[in-house]
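Student: coords please:
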Amino acid sequence: MDPILHNLNPAQKAAVTSAVSVLQVLAPPGSGKTKTLTARVAYLLTHRNLRPWNIIVCTFTVKAAREMKARIKSLVGDGTEAKLVLGTFHSVAGRYLRRYGQHIGLDSNFGIADTSDSKAVVKRIIKSGGYTIDCNIARSRISSCKAKSISSDQYAASSKNAEQQEFAMVYSEYESVLKASNLLDYDDLLLRCAHLLQTHPQCVSNVEAVLIDEFQDTNIVQLDLMNQFAQYKKHITIVGDPDQSIYGFRFAEIMNLNRMQQQHPDTLIIHLEENYRSSGAILASAQQVIEQDENRPNKRLQATHGRGERPILRRLPTAAAEAEWLVTEIKRCRALSGNLLEYGDFAILLRSAILSRLIESVLGKEGIPYRMVGGTRFFDRVEVKIVLDYLRIIDQPNHNDAVLRVINVPPRGIGEQTVKNLSDEAESEKVSLWSTVLALVQGRTRVKAKISVQAMKGLSTFVSVILTSRKRRTDADSNNVSLADLIAHVTRKTGLEDYLKGKYKEDFDGRWASVQELVAQAADMDAALARGEEPEEETLPAIEGLEQRAFAATQDGLSVFLANVALSTEVQKSTEDGAEAQQQVTISTIHAAKGLEWAVVFIPACYEGSIPHSRAEDTNEERRLLYVAMTRAQVLLYLSCPVKNSKKEDAALSSFVASSAMSVLFAQQGPVVDRHAVASMAKVLRRECPTTTGIAAAQACLHRDADDYWPLDGEQPTVESRRWDAGGNDKVALPGFNFVGVGHRLKDGAVNPIRAANVSSHTPTTMQNPQAFSTASTTMRTGFVSATVRMEELERVQEESQLRLIDQRQKTSVKRGSQKTNGTQGNLLSFFGKQPQTRTTEDTERMTKATDVDEQLTKKPKISASFKHLSGRLADVSSTVITESLLEATRKPRTVPYSVRLRDTVQEEDTPDTRSDLRSGSHPTLEGDTVGVEGATSTPYVMQAEQATRKPRTAPFGARPRETVQEEDAPGTRYILLSSSPPTVEDSTGGIERITSTTVASPAEEAYDHGVRNMSHTASLQQSNAQRPPVRRTLGMRRSLQGWSARKGKG
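Tutor: Residues are numbered from 1 along each chain as shown. Model prediction:
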């Protein structure tokens, strides 16, 4: 059998061998369209005897062109592939312009303005002209006009309102700047080439066949250019798929397929329907999505692999949970497949790159290697762009934007104001910036603005670098100067190495290696030119009777090198070589993933506003975008949608997959990958199936073998909700696990890391048990979740808990009055090592009065709105008693800082034993009320009613709070706090005296004013210092990272 037709299916053979002049091959994803197109080129060369230089093959990426050339070489060999006019639309157009551009008045030495150059020009025009239009919008509209063959004059003639007229002025100035700089942007390459072929059609009189790849991505100008290429023989073959037309933002025209059929009525259409990439279940779901578009041509996908696993459509509670689930599934799939799947087999395809933040964070935490498609390209690196800009100025001195970028790089004392003055001067004189600078340095002109001596010296240095480089390039005696030597001269004269070493100390070696890599690429071109070979990108057959500009290696080598650089930056960023071979999870936008494939594909954020995008104008194109993403998968496909998106907003499932017809095609959770499923995956991927022993070994370290942690309805898992309930008494284990406490071991003796990481200990959390106020145990989870969000989820449970606590207080308020405190109970004095002193009769009377007031309050408890989230003993601070045992309990060191307000802590009901021990009805007396001062008598604190609404302070005081003037308390509205002694101050003589207030009725009210502002039971600092001058201690809930026990009694 003919090797060209070997392994082709009947539809592919029909397309390759067809004798018709105009052929459309509609090839869906994975149907072998590239194989078919290259086989047709080889067939035309070998069976139709067409000459390779008379065949034009256009692609959309440099990578696709390289792949096609390699395949043709394998089919025909003998260097025939190098003689084809094969490349991207822009490179083929540039080739014709460099050979025949002089026929339309185009300077043969024109430069190409890449995307960054174009944006810089537009930005400068808008700024200098004071226009209000956005730079990016203006640049996009200019490209849109050019894609539709609308010139600046034509647009200006049709402009009606002020906004259109403003844009017309920007468009016109943009064209003038490019013309003055002898530059063409990407759109100009196509427009000028189409104009050349219209006015001088003999340029393509030799062309016998034209073949176009990815035809659905062409715009109006490219369709016209295709017809111009084939205007003599009218032999056209295109390969495309209307279902994969996703570049509308680049002004691609899906209707070009219909226009082509109208322009060529004898067009033959061949459908390739067999898919060699994806499993049957994946294709069925993708087909169901794309068939929602009623305007598409009717065509089917036929799977060549087995049914496989159903795609998964997963609901998760939040975007953060979605990221965690996604990473967990990657690890689970690898283990269950016995490492048949490597990290490089996984791809995460996003509608917008901004969605990658949470996913990248979780991947980094889990130590999973990943790569972002669209990283910094080689020619976009700072150090490489500096060298290229110098080369652009050497080649085209009137390239104003290149001059602006490097006139003071490396720094040579030329300030921004000086550069602005020179630019204004050049603009006013209607000359280039280089002409103004050169004339100023050579003394042939004067500028209006004053130029400093230092700036003049820097300008002279800059001019010297450019002039000496141009001289080496043009002198007859320097014909042997290579591109590599020219780059070396520039780096030496500018001191680039020292500049990079000083500015980028940490990664200097890598940056300097990039410069050396650029030198190596230039050396490759030097070697080809030295052998008398013209670059492949420049060759065109000679046309009898038509002058073709000859290629001059010395003069044109640099221009061709820079043109190739400019065109290579147009390649999609996913084409970086080498990165694909590394075992890393790929994160990419869907647009950048077109044409690629992975074993497992995740498509997160499938909700309205993401896909379809909220700013999308064409819903059908958004549907095609999802279709393209789904058909990148080979064996496993995951779609997911959070209940709340990354902005904490409710997210509705995408309408593309929300119908009942779609639901039967998706599973709700990740598949159970058994031995049979692994064998099926290995067959699709054409890999050796792992052994049973290998699969078992890979699964041994797997904590969960099923996707059953997150509920299928998108709610938070039970254990996640309970983690926030620090007072919970019931023990909740993860699904599939028996309860194992933190630090405990499973049956096999291994520590249960999931339990330790996800389940907090359940300890009643009150003001009497402050060690439980830990963000690690009550408020934190993997990733950041604010306390406000969590409290919203638990608000109903908290309110019910508050009501139960209030009811219980009302029932037990009468019994408390008869309870007595154990006389041996610890007190504040025991903390400071003081002996208790005898209580006086006056003190006892004061305590009795305070108890009466409290009993009145407990009969009708009131909880203010501000105290809504404070429950149990925390809200009822009037009954707080500090005991020695409790002090010991509070000395557990803190290792995590507070991240939420105390009011957000979930409180549980008090157990009977804690109520009886800590909440006696009558306020107990402390044996000895003085702290650190002999004879000082304790005064009970009286809490004012309005101060019960105060919120707990979440940060330590930086200075002593100011005392506030208190109003007279109404009868029956006081709370009494007996947790510390009244405040004292030290007089000028060093003694300690009691604070008195003219507005407070009793010492107890004086004491409370200071104590409640701190909202903690704090002993007097002065008293503590009097006892232990070198040591500073604070009793109670001090905001500190370390407790008393951790500090070994030190302050």
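Student: for the rest of this, base every contact and every neighbour count on C-alpha atoms.
Tutor: Fine.
Student: measure D293 to A335 for me?
Tutor: Applying CA to CA, to the nearest Å, one obtains 39 Å for the distance of D293 from A335.
Student: so between those two, which is more surrounded?
Tutor: A335 (24 against 15; other CA atoms under 10 Å).
Student: immediately after the strand or helix carrying the more buried one, which helix or strand?
Tutor: Element membership for A335, per DSSP states H and E: helix 319-336. Per DSSP H and E, the first helix or strand lying C-terminal to helix 319-336 is strand 346-350.
Student: show me what that following strand is packed against.
Tutor: strand 585-589, helix 590-593, strand 598-603 (3 or more CA pairs under 8 Å, 6 or more residues apart in numbering; DSSP states H and E).
Student: hang on, the earlier thing: quick one: mean pLDDT over the helix holding A335.
Tutor: Here helix 319-336 scores 94 as its mean pLDDT.
Student: give me the buried positions along that helix.
Tutor: 319-336 (16 or more other CA atoms under 10 Å).
Student: what do you get for stretch 177-193?
Tutor: For stretch 177-193, by 16+ other CA under 10 Å, it's 177-178, 181-193.
Student: out of those, which one sits closest to R704?
Tutor: Using CA to CA, Y186 comes nearest to R704 of the buried residues of stretch 177-193, at 52.6 Å.
Student: does I393 really touch H399, like I thought?
Tutor: Yes. Taking contacts as CA atoms under 8 Å, I393 lies within contact range of H399: 6.1 Å.
Student: the two: which is more packed in?
Tutor: Neighbour count, other CA under 10 Å: between I393 and H399, H399 has more, with 25 against 21.
Student: check contacts around the more buried one.
Tutor: Residues near H399 by CA atoms under 8 Å, 6 or more residues apart in numbering: S181, N182, L183, R392, I393, S432.
Student: now what about the helix holding A335, what contacts it?
Tutor: Here helix 319-336 makes contact (CA under 8 Å, 6+ apart) with 316, 340-342, 346, 358-359, 362-363, 602, 604-605, 640-646, 670, 673-674, 695, 698-699, 702, 704-705, 707, 710, 783.
Student: apply 6 Å and report the result again.
Tutor: Identification of contacts with helix 319-336 by CA atoms under 6 Å, 6 or more residues apart in numbering yields L316, L341, I359, P642, N645, S646, V673, A698, Q699.
Student: the fourth one bridge partners, please.
Tutor: This points to P642. With DSSP bridges as the criterion, P642 is bridged to L316.
Student: from what I can see it touches T318, true?
Tutor: Yes. Here P642 reaches T318: they are 4.9 Å apart, a contact under CA atoms under 6 Å.
Student: more neighbours: these two, which one.
Tutor: P642 (28 against 23).
Student: show the contacting residues for the more buried one.
Tutor: Contacts for P642 (CA under 6 Å, 6+ apart) come out as R315, L316, P317, T318, A319.
Student: circling back to that earlier point, which one, of the helices and strands packed on strand 346-350, ends up nearest to F462?
Tutor: Each of those was scored for nearness to F462 using CA to CA, and the closest is helix 590-593 (39.8 Å).
Student: which parts of that closest one are buried?
Tutor: By neighbour count on 16+ other CA under 10 Å, the buried set for helix 590-593 is I590, H591, A592, A593.
Student: can you check stretch 98-109 too?
Tutor: For stretch 98-109, burial by neighbour count (16+ other CA under 10 Å) applies to R98, R99, Y100, G101, L106, S108, N109.
Student: in a markdown table: these, plus secondary structure, distance to R412 and pLDDT.
Tutor: Converted to a markdown table, the buried residues of stretch 98-109 look like this (DSSP: H, G, I helix; E, B strand; the rest coil; distance: CA to CA, whole Å; pLDDT from 0 to 100):
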| residue | secondary structure | distance to R412 | pLDDT |
| --- | --- | --- | --- |
| R98 | helix | 37 | 89 |
| R99 | helix | 40 | 89 |
| Y100 | helix | 42 | 91 |
| G101 | helix | 39 | 90 |
| L106 | coil | 36 | 89 |
| S108 | coil | 34 | 73 |
| N109 | coil | 30 | 79 |
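Student: closest one to S482 out of those, please.
Tutor: N109 (18.4 Å).
Student: which of the contacts of P642 sits closest to A616?
Tutor: Nearest to A616 among these, with distances taken as CA to CA, is A319, at 21.8 Å.
Student: how about N54, what does it touch?
Tutor: Counting by CA under 6 Å, 6+ apart, N54 makes contact with N206, V207, E208.
Student: same thing but at 8 Å, please
Tutor: L84, V85, N206, V207, E208, A209, P541.
Student: and for it, nearest residue in space, chain neighbours not counted?
Tutor: Excluding the flanking residues, the one nearest N54 by CA to CA, 6 or more residues apart in numbering is V207, at 4.5 Å.
Student: Y247 now?
Tutor: Nearest residue to Y247 in three dimensions, chain neighbours excluded: D217, at 6.3 Å (CA to CA, 6+ apart).
Student: mind checking pLDDT for that neighbour?
Tutor: 92.
Student: isn't it right up against F249?
Tutor: No. Under the criterion of CA under 8 Å, D217 is not in contact with F249, lying 10.6 Å apart.
Student: who has more neighbours, those two?
Tutor: It is D217, of D217 and F249, that has more neighbours when counted by other CA under 10 Å, with 22 against 10.
Student: and that one, how far is that from L350?
Tutor: D217 is 20 Å from L350, where distance means CA to CA.
Student: can you check R470 too?
Tutor: R470 is 47 Å from L350, where distance means CA to CA.
Student: out of these two, which sits in the busier spot?
Tutor: Per other CA under 10 Å, whichever of R470 and L350 has more neighbours is L350, with 25 against 17.
Student: which one is that one nearest to, not counting chain neighbours?
Tutor: Nearest residue to L350 in three dimensions, chain neighbours excluded: T589, at 4.6 Å (CA to CA, 6+ apart).
Student: count of neighbours near that neighbour?
Tutor: T589 - counted by other CA under 10 Å - has 23 other residues nearby.
Student: that one is in contact with S356, isn't it?
Tutor: No. In this structure T589 lies outside contact range of S356 using CA under 8 Å: 9.4 Å.
Student: any residues in contact with both of these two?
Tutor: L350.
Student: farthest-apart pair in the contacts of H399, please.
Tutor: Farthest apart among those by CA to CA are R392 and S432. That separation is 14.3 Å.
Student: give the helix, strand or coil label for Q24.
Tutor: Of the three states, Q24 takes strand under DSSP: H, G, I helix; E, B strand; the rest coil.
Student: neighbours around it, how many?
Tutor: Q24: 22 surrounding residues under other CA under 10 Å.
Student: now do the same contact list for it.
Tutor: T237, I238, V239, G240, T267, L268, I269, I270.
Student: quick one: the helices in the stretch 351-500 of the chain?
Tutor: 356-365, 382-395, 400-406, 416-429, 433-441, 453-474, 483-494, 496-503 (DSSP state H, counting those that start in this stretch).
Student: export these to CSV and tack on distance to S659 and mean pLDDT?
Tutor: Formatted as CSV, those follow (distance: least, CA to CA, whole Å; pLDDT from 0 to 100):
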stretch, distance to S659, mean pLDDT
helix 356-365, 27, 91
helix 382-395, 49, 92
helix 400-406, 53, 91
helix 416-429, 59, 89
helix 433-441, 61, 91
helix 453-474, 65, 90
helix 483-494, 61, 91
helix 496-503, 57, 92
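Student: thanks again, I'm all set now.
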